[in-house]
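**Q** Here is the input, now give the coordinates:
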Amino acid sequence: MKKRVYLTYPKEQVKEPLLYQVGRKFDVVTNIRQATISDKIGLVALELEGEPEEIEKAIEYFIEKGVKVEPIELDIIE
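**A** The predicted structure follows:
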């Protein structure tokens, strides 16, 4: 299964290697489709691939770390 989401990192989390940690902690493949990062905010269009329960665990992990997670409309990234 693949799921595409937008991640909005708060200033406090911009320098944290959360994508790396998600790939290590959960059985998911992360694919950055688009990103804009500054010292104040991080915006990432991310594709997660794996079993549905692992993807949900990864999304919960982002939320627990203070990252806003929003589905990409129609799950399409061009």
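**Q** From now on I want contacts and neighbour counts done on CA atoms only, so please keep to that.
**A** Fine.
**Q** Any buried residues in the longest helix along the chain, and which?
**A** Longest helix in the chain, counting residues (DSSP state H): helix 52-64. Across helix 52-64, burial judged by 16 or more other CA atoms under 10 Å covers 54, 55, 57, 58, 59, 61, 62.
**Q** among the residues you listed, which two are most distant?
**A** 54 and 62 (12.6 Å; CA to CA).
**Q** how long is stretch 1-18 from one end to the other?
**A** Distance across stretch 1-18, first residue to last, is 21 Å (CA to CA, to the nearest Å).
**Q** Which stretches in the chain count as strands?
**A** 2-9, 28-37, 42-50, 68-71 (DSSP state E).
**Q** In a markdown table, list the ones you listed along with mean neighbour count.
**A** Shown next, in a markdown table, are these (neighbours: other CA atoms under 10 Å):
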| stretch | mean neighbour count |
| --- | --- |
| strand 2-9 | 20 |
| strand 28-37 | 14 |
| strand 42-50 | 19 |
| strand 68-71 | 15 |
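**Q** Quick one: closest of the ones you listed to residue 18.
**A** Comparing the strands of the chain under CA to CA, the one sitting nearest is strand 2-9, at 9.8 Å.
**Q** who does that closest one pair up with?
**A** strand 42-50 (antiparallel), strand 68-71 (antiparallel) (DSSP bridges).
**Q** Which residues does it contact?
**A** Residues from elsewhere that reach strand 2-9 (CA atoms under 8 Å, 6 or more residues apart in numbering): 41-50, 55, 66-72, 75-77.
**Q** re earlier: quick one, which of the strands of the chain gets closest to residue 16.
**A** Among the strands of the chain, strand 2-9 sits nearest to residue 16 (CA to CA), with 9.5 Å.
**Q** how about the closest one as CSV, C-alpha atoms only?
**A** Output of strand 2-9 as CSV, limited to C-alpha atoms (Å, rounded to 0.1, in the frame of the first residue of the first chain):
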residue,chain,number,x,y,z
LYS,A,2,1.1,3.6,-0.7
LYS,A,3,-0.1,6.7,1.1
ARG,A,4,0.8,10.3,0.4
VAL,A,5,0.8,13.0,3.0
TYR,A,6,1.9,16.5,3.6
LEU,A,7,4.1,17.0,6.7
THR,A,8,4.4,20.4,8.3
TYR,A,9,7.3,20.5,10.8
